[in-house]
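Peer 1: next come a sequence and a model predicted from it.
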Amino acid sequence: MEQNGPSKNVARALRRRMTETEREVWKHLRRRQTGYYFRRQHRIAGFIVDFYCAEARLCIELDGDGHQIFHSKADRERDEALSALGVLVMRFQNYEVGTDWGGCYLKILAVCKERTSSSESDT
């Protein structure tokens with residue numbers, strides 16, 4: 001499948017300079033620690049998403065303060081475009097991850113389980 005939008009080099013650069021919150025989340029999502037395979041700074045549908053699980057068709061986005069002020073319209077449009085492809089976008093605020101990572105983690109696991117079990121029962 002041809003990828004439009006940001007190049008592989010842009011995604012690689014973003015992986016090299018992840019935010020502190022992204023690094024913290026990646027520590028818990030990498031190497032199938034959740035039981036699901038996640039990619040970081042993954043290109044999909046012309047966008048680069050923070051974390052992506054293809055098996056669950058789940059995108060996780062971490063939003064800093066600027067997202068609510070400067071990026072809300074772009075985020076909404078991006079979420080709608082991904083949703084049209086069957087990808088669910090879960091958004092977490094950086095402060096939420098910092099103060100209640102356990103709660104965020106449980107939500108992610110629940111959604112992964114729900115989306116993979118429903119796709120298994122469809123076959």
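Peer 2: That came through, no problem.
Peer 1: which elements pack onto the strand or helix carrying E80?
Peer 2: For E80, the enclosing helix or strand under DSSP states H and E is helix 72-84. Helix 72-84 sits against strand 47-53, strand 58-63, strand 88-93, with contacts defined as 3 or more C-beta pairs under 8 Å, 6 or more residues apart in numbering; DSSP states H and E. Just so you know, the C-beta spots here come from the backbone N, C-alpha and C atoms, and that holds for glycine as well.
Peer 1: hmm, try it at 7 Å
Peer 2: When contacts are defined as 3 or more C-beta pairs under 7 Å, 6 or more residues apart in numbering; DSSP states H and E, helix 72-84 packs onto strand 88-93.
Peer 1: what bridges to the nearest residue to D79 once chain neighbours are set aside?
Peer 2: Counting by C-beta to C-beta, 6 or more residues apart in numbering, V89 is the residue found nearest to D79 once chain neighbours are left out, at 4.6 Å. When assigned by DSSP bridges, V89 has beta-bridge partners C59.
Peer 1: orientation of the top helix by length along the chain relative to strand 47-53 in degrees?
Peer 2: For the chain, the longest helix by residue count, based on DSSP state H, is helix 101-122. What separates the directions of helix 101-122 and strand 47-53 is an angle of 80 degrees, with axes from the mean of the first three to the mean of the last three C-alpha atoms, to 10 degrees.
Peer 1: buried ones in helix 101-122, by neighbour count?
Peer 2: Counting neighbours by 16 or more other C-beta atoms under 10 Å, one finds that the buried residues in helix 101-122 are 101, 104-105, 108, 111-112, 115-116.
Peer 1: mean confidence (pLDDT) on it, please.
Peer 2: If you average the pLDDT over helix 101-122, you get 88.
Peer 1: tell me the angle of it relative to strand 58-63?
Peer 2: Using the same axes, to 10 degrees, helix 101-122 lies at 160 degrees relative to strand 58-63.
Peer 1: count of neighbours near the closest residue in space to L109 that isn't next to it in sequence?
Peer 2: Excluding its sequence neighbours, the residue lying closest to L109 (C-beta to C-beta, 6+ apart) is T34, at 5.9 Å. For T34, the count of nearby residues is 17 (other C-beta atoms under 10 Å).
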